[in-house]
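A.B. asks: need the 3D shape of this:
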Amino acid sequence: MELPTIDLDLFLSQSLETSAVQHECKKVADALITFGALILHDSRVTESKNSAFLDLLEDYFAQSTSDIQKDERPELSYQVGVTLENTEKPKCAVDESCLSIIQRLEPSERPLDISAHSPDPKCRFFWKMNEVPPYETQFPGLNAPNVVPQAEEINARWTQTMEDWGESMKQAVENLADMACIGLGLPPCTFRDAGRYGPHLLAPTASDLEKYGRKDTILAGFHTDLNFLTIHGRSRYPGLNIWARNTGKRLPVKIPAGNYLLVQAGKQLEHLTGGLIKAGYHEVVVNDQTLKVIEKRKVENPERPLVRISSTFFWHLSSDFDLSPITSLAERAKAFGASQIALGGYATDEPEYQPMKVGHQVQNELKHIALMA
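C.D. replies: Sure thing, here's the model as predicted:
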């Protein structure tokens, strides 16, 4: 089974009224409803910018722990700067609804066991890519200024490289959000407007494969993302698995080389659509394919740090936005027949999507994964 591939070039090059564009937008909506994920083709995306980004983050995380720790901001719930390994916990390790979903999967399709509830052995860096709101936000801790690493050689490359690659993914995911609106029967800018002042994050993870490169090591435990849409560029190391909503089958992700990105639905999109679109479950693990690439990199690039960087961007709704299901979509969700969906038995376990500020939703999720007290 493969994820649908969406042609963003078509959307950008033709009038919204054309049948081809309308069909592609409907394809986006259907992919998010059915799979919770899709592959996006965007000719504006360049492999060179992704490579420069991966090189920079490999070099950054190859520094000593004491140097990296200078960029931690635990008082801001790690929402800017670095989060060191063994800090973030997978919510699903103790969340009853998530554990129930795992139990309903066929044993051969389940994620690697996270029941020990050990924190993930990955580091992360959060780099804000947001527009400052023209009002005083109720959530200043979620909208704090960026942290720039101090090491001279890294500092010189940092801001331009992060902004270049972050902007590539940000414009792609915002265009995709417009396509999703059209495909769902909403005004084209509904999602974009709701996220105009969102605390969007270029959010690479880093896993030290010298320390954690054994087969079946969990680098990021089974989870969903708390934001609206997550978009990924290609990592140099495989290991990302997702679970398609319509089948409950584990799907190893393969992003084609070139101008392709992976997009996944997050919890804010699930909430706003009343469960019509579900946040996609995923994990990152060391598997046989990961081990093959590790050995290949040792031979072909022996001078490079052996660190798995995820090329990840979290697109958020604005922190002060009132998050409540869109009525027309919530009604469609009820009619969708969620009891037929293999992953999770949604007809009986459907959550209540209570109205709340996005900032409160984010804070609630951060407490679950041990990033906020």
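A.B. asks: okay, which residue is most central for this structure?
C.D. replies: Computing the C-alpha centroid of the chain and ranking residues by C-alpha atoms, centre = their mean puts residue 230 first, at 3.2 Å.
A.B. asks: let's verify it: helix, strand, or coil?
C.D. replies: Classification of residue 230 using DSSP: H, G, I helix; E, B strand; the rest coil returns strand.
A.B. asks: from residue 217, how far out is it?
C.D. replies: Distance of residue 230 to residue 217, computed by C-beta to C-beta, to the nearest Å: 22 Å. Every residue, glycine included, has its C-beta placed from N, CA and C.
A.B. asks: for residue 36, same thing?
C.D. replies: Taking C-beta to C-beta, one finds residue 36 at 25 Å from residue 217.
A.B. asks: more neighbours: which of these two?
C.D. replies: The neighbour comparison of residue 36 against residue 217 (other C-beta atoms under 10 Å) goes to residue 36, with 27 against 18.
A.B. asks: ok, the residue lying closest to that one once chain neighbours are set aside - contacts?
C.D. replies: Nearest non-adjacent residue to residue 36, counting by C-beta to C-beta, 6 or more residues apart in numbering: residue 280, 3.4 Å away. By C-beta atoms under 8 Å, 6 or more residues apart in numbering, residue 280 lies in contact with 35-37, 224-225, 242-243, 245, 264-266.
A.B. asks: what about stretch 85-93, average pLDDT?
C.D. replies: Averaging pLDDT along stretch 85-93 gives 80.
A.B. asks: go on, stretch 229-237?
C.D. replies: For stretch 229-237, mean pLDDT rounds to 97.
A.B. asks: who touches that stretch?
C.D. replies: Contact partners of stretch 229-237, identified using C-beta under 8 Å, 6+ apart, comprise 40, 45, 47, 50, 53-54, 165, 169, 172-173, 176-177, 209, 240, 255, 257, 260-266, 269, 290, 293-294, 297, 308-315.
A.B. asks: phi, psi for residue 285 please.
C.D. replies: phi -140, psi 160 (degrees, to the nearest 10).
A.B. asks: correct me if wrong: it contacts residue 217.
C.D. replies: Yes: at 6.7 Å, residue 285 counts as touching residue 217 under the criterion of C-beta atoms under 8 Å.
A.B. asks: can you count the residues close to the nearest residue to residue 190 once chain neighbours are set aside?
C.D. replies: Nearest in space to residue 190, with sequence neighbours left out and distances taken as C-beta to C-beta, 6+ apart, is residue 181 at 4.7 Å. Counted with other C-beta under 10 Å, the neighbours of residue 181 add up to 20.
A.B. asks: only the buried residues of stretch 142-159, if you could.
C.D. replies: For stretch 142-159, the neighbour count (16 or more other C-beta atoms under 10 Å) marks 142-144, 147, 149, 151, 154, 157-158 as buried.
A.B. asks: biggest helix in the chain by residues?
C.D. replies: Using DSSP state H to assign secondary structure, the helix with the most residues in the chain is helix 152-184.
A.B. asks: over to residue 221. Which of the three states is it?
C.D. replies: Note that with three-state DSSP, the state of residue 221 is strand.
A.B. asks: look up how far residue 42 lies from it.
C.D. replies: In terms of C-beta to C-beta, residue 221 sits 30 Å off from residue 42.
A.B. asks: may I see the buried residues of the next helix or strand after the longest helix of the chain?
C.D. replies: Note on helix 152-184: by DSSP states H and E, the next helix or strand toward the C-terminus is helix 190-194. Across helix 190-194, burial judged by 16+ other C-beta under 10 Å covers 190-192, 194.
A.B. asks: cool, stretch 198-218 as well?
C.D. replies: Within stretch 198-218, the residues that qualify as buried are 198-209, 212-213, 217-218, counting by 16+ other C-beta under 10 Å.
A.B. asks: please flag which of those sit within strands.
C.D. replies: 201-202, 205-208, 218 (DSSP state E).
A.B. asks: now, which of these sits nearest residue 21?
C.D. replies: For those, the minimum distance to residue 21 (C-beta to C-beta) is 28.7 Å, reached by residue 202.
A.B. asks: for residue 64, see how far away the spatially closest residue to the closest one that is not a sequence neighbour is.
C.D. replies: In space, residue 202 comes closest to residue 166 once its chain neighbours are excluded; the distance is 3.9 Å by C-beta to C-beta, 6+ apart. Look at residue 166 and residue 64: by C-beta to C-beta, they are 26 Å apart.
A.B. asks: just residue 129 next, same as before
C.D. replies: Separation of residue 129 from residue 64 (C-beta to C-beta): 28 Å.
A.B. asks: do the same with residue 21
C.D. replies: Using C-beta to C-beta, which is the criterion applied here, residue 21 is 51 Å from residue 64.
A.B. asks: so which of those two has more stuff around it?
C.D. replies: Between residue 21 and residue 64, counting by other C-beta under 10 Å, residue 21 is the more crowded of the two (19 against 8).
A.B. asks: which residues touch that one?
C.D. replies: So residue 21 contacts 10-11, 14-15, 182 (C-beta under 8 Å, 6+ apart).
A.B. asks: who are the contact partners of the closest residue in space to residue 61 that isn't next to it in sequence?
C.D. replies: Leaving aside its sequence neighbours, residue 61 sits nearest to residue 206 (C-beta to C-beta, 6+ apart; 4.1 Å). Counting by C-beta under 8 Å, 6+ apart, residue 206 makes contact with 57-58, 60-61, 122-125, 307-310.
A.B. asks: what of residue 164?
C.D. replies: Going by C-beta under 8 Å, 6+ apart, residue 164 touches 49, 52-53.
A.B. asks: ditto for residue 112
C.D. replies: Residues near residue 112 by C-beta under 8 Å, 6+ apart: 216, 218, 221-222, 283, 285.
A.B. asks: farthest-separated two in the residues you listed?
C.D. replies: Largest separation among the contacts of residue 112 by C-beta to C-beta: 216 and 222, giving 13.5 Å.
A.B. asks: quick one: which of the contacts of residue 206 has the most company?
C.D. replies: The residue in these with the most neighbours, by other C-beta under 10 Å, is residue 308 (28 neighbours).
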